[in-house]
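# sequence-free structure coming up:
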């Protein structure tokens, strides 16, 4: 679960960047819970939107990042740049000449880091 200030901006980001759409939503007087998923996995990300929150949330020192897997990192990176998002550069993690991972990071509207990994080796 992550807390968001602008629910519409977050829903747009997660749809455009990760192809995640609402699978379930619970609206209460003071807050809403929106569960996001896609057809590729049963995993969900829960967005919690507290109505009236103006100040940014702090991420503290316990949050690292969420990671997702795609088939082609360079292609997905290029698509996101073309769509006006600002992913960080593509990087490769190697042991000698052996590719272990190809990835990039992107920040959601609240500054949460998301790692986009290429489907390879351990990352399926």
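Yes, it's here. Note that the structure is a prediction, hence the values are computed from the model and not measured. Numbering: from 1, shown residues only.
# and this structure, what are its domains?
1-53, 64-124 (automatic domain parsing).
# which one's the longest helix in the protein?
Scanning the chain for the longest helix, with DSSP state H as the assignment, gives helix 7-18.
# just checking, what packs against that helix?
strand 21-27, strand 31-37, strand 45-50 (3 or more CB pairs under 8 Å, 6 or more residues apart in numbering; DSSP states H and E). For glycine as for every other residue, the C-beta is placed from the backbone atoms N, C-alpha and C.
# what angle sits between the shortest one and strand 31-37?
Interaxial angle of strand 45-50 relative to strand 31-37 (axes from the mean of the first three to the mean of the last three CA atoms, to 10 degrees): 160 degrees.
# Pairing partners for strand 45-50, with directions?
Strand 45-50 sits in its sheet next to strand 2-4 (parallel), strand 31-37 (antiparallel), going by DSSP bridges.
# Return the set of buried residues in the very next helix or strand once past that strand.
Moving toward the C-terminus from strand 45-50, the next helix or strand (DSSP states H and E) is strand 66-70. Using 16 or more other CB atoms under 10 Å as the test for burial, strand 66-70 gives 68-70.
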